[in-house]
Each structure stands twice: as structure tokens, then as C-alpha cells.
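Enquirer: Quick one, what's the 3D model for this:
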Amino acid sequence: NVYDEGQMLATTIPTNGSQPTNIALNADNKRLVLNASNSNEIQILNLRQFEVSADALTFNATFGDAAVDEQTITLGGLGEGWQVASDMPWLIVTPVVSEDGNSITVSIDDSSISGWGLFTGTITVTDPASGTTTVITVKLAVDAVRITSNYSALSFNQLATQNMLTHTVDVLTNSENNIE
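Expert: Take a look at the predicted model:
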């Protein structure tokens with residue numbers, strides 16, 4: 001018998017008198033596997049019991065600029081004592097437990113970034129109550145400071161009727177800091 005979320009009987013699967021040795025059910029990123037090595041024992045394994053609002057995060061920044069905006073991951077179905085950890089010093093994770101539910105605040109420690117490029121890290125969420133773990137991939141794209149001007153080219157010329165030997169050029173940058 002298979003029941004839906006409202007605990008109502010949704011369907012019955014006939015076995016025709018023989019017990020299956022393996023059954024795998026998959027729905028909404030959750031899997032339930034039943035293993036039967038003999039007719040006396042069935043093992044039920046829940047491979048993913050809790051839910052996360054995102055399996056991956058992306059941050060973008062310009063090298064040397066102020067702090068990158070933090071992001072939040074919402075968690076559902078966790079037991080008490082859940083844990084979160086990151087594998088990179090620049091990737092800061094803060095668990096939040098409240099009446100509204102569990103979440104993780106993810107921020108970037110820009111003092112741990114020493115250059116520009118694409119950085120990758122992972123966040124691991126562990127639920128000791130169910131023994132399940134989920135890994136969330138985090139990508140941080142740090143752009144180099146770029147300098148441009150309001151002119152793509154300058155022309156200096158002097159004619160008998162025209163004298164153009166000076167130009168004013170605005171220097172533009174993608175950095176929020178002044179370039180000296």
C-alpha cells in the first residue's frame with residue numbers, strides 16, 4: 001500500500017504472493033529504498049530526510065570592494081542537533097534556529113580572498129537524528145579591478161583653423177573604491 005501526504009491510501013502494489021527483494025521510490029528529491037535479503041527481514045533506508053532551499057549558491061564580487069551580500073538557505077525536516085560546516089576559510093556559515101524554522105546564513109570573508117578568480121567551496125549539513133547529510137556547492141566569482149575611459153580613442157591634431165591638442169578624459173572603474 002502507498003499513502004499520499006494526507007495519509008490517504010493512494011495505491012496498492014500487488015506482489016502476487018512473492019515478496020520483492022528491492023523496491024526504490026523516488027519523489028521530490030527524496031528516495032526510499034527497501035532491501036530484503038530474505039523473507040524474514042526488510043531494511044528501510046531513507047537517503048534524504050531533510051530539505052534545503054538551494055543545492056548551490058553563487059556570489060559575485062570585485063576584488064578589494066566591500067563585503068559581499070549574504071545569502072540564506074532555508075532548511076526543513078531536520079531533527080534536533082543538526083550541524084553545518086564549510087570547507088573553505090572564506091566561506092562563513094551561521095546556523096539559525098528560530099520558531100519560524102531552521103536556516104543557514106552564508107557570507108563571504110573578503111579578508112580571506114587574496115586575488116581574483118573563481119573560487120569553489122562546499123557547505124555540509126548533517127542531521128544526526130536521521131544520519132543524513134547534504135552538500136551544497138558555493139561558487140564565488142571575484143572580478144579583477146578594471147579601468148576604462150569615456151573615450152575608446154583620442155585624436156590630437158593641429159590645423160591652421162583648428163587646434164585640438166588637449167582632451168579631458170574620465171577614468172572609470174568597476175571598483176567601488178577610488179583608484180589612486
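Enquirer: who touches the closest residue to residue 92 other than its chain neighbours in this structure?
Expert: Closest residue in space to residue 92, ignoring its immediate chain neighbours: residue 107 at 4.6 Å, by C-beta to C-beta, 6 or more residues apart in numbering. Every C-beta, even on glycine, is put in place using the N, C-alpha and C of the backbone. By C-beta atoms under 8 Å, 6 or more residues apart in numbering, the contact list for residue 107 reads 67-68, 70-71, 92, 94.
Enquirer: Tell me the buried residues within the residues you listed.
Expert: Of all these considered here, the ones buried according to neighbour count by 16 or more other C-beta atoms under 10 Å are residue 68.
Enquirer: pLDDT weak spots in this structure?
Expert: 1-49, 145-146, 163-164, 174-180 (pLDDT under 70).
Enquirer: picking up where we left off before, nearest to residue 116, of the contacts of residue 107?
Expert: For these, the minimum distance to residue 116 (C-beta to C-beta) is 13.3 Å, reached by residue 68.
Enquirer: wait, is that closest one part of a strand?
Expert: No - inclusion of residue 68 in a strand is not indicated when DSSP: H, G, I helix; E, B strand; the rest coil is applied; the result is coil.
Enquirer: For it, which residues are in contact?
Expert: Residue 68 sits in contact with 59-61, 107-108, 110, 140, where contact means C-beta under 8 Å, 6+ apart.
Enquirer: Just want the phi and psi numbers for it.
Expert: With angles defined as degrees, to the nearest 10, residue 68 shows backbone torsions of phi -80, psi 140.
Enquirer: Ok, residue 111 next?
Expert: Taking degrees, to the nearest 10, you get phi -70, psi -20 for the backbone angles of residue 111.
Enquirer: How much space separates it from residue 152?
Expert: Per C-beta to C-beta, to the nearest Å, residue 111 is found 36 Å from residue 152.
Enquirer: Which one of the two is surrounded by more residues?
Expert: For residue 111 versus residue 152, the count of surrounding residues by other C-beta atoms under 10 Å is larger for residue 111: 9 against 6.
Enquirer: Check the gap between that one and residue 84 for me.
Expert: Relative to residue 84, and taking C-beta to C-beta, residue 111 is found at 21 Å.
Enquirer: Same question for residue 99.
Expert: 19 Å.
Enquirer: With neighbour numbers in mind, choose between these two.
Expert: Residue environment comparison for residue 99 versus residue 84 gives the larger neighbour count to residue 84, 21 against 4, counting by other C-beta under 10 Å.
Enquirer: What strand or helix carries that one?
Expert: Applying DSSP states H and E as the criterion places residue 84 in strand 83-86.
Enquirer: Many thanks, I have nothing further to ask.
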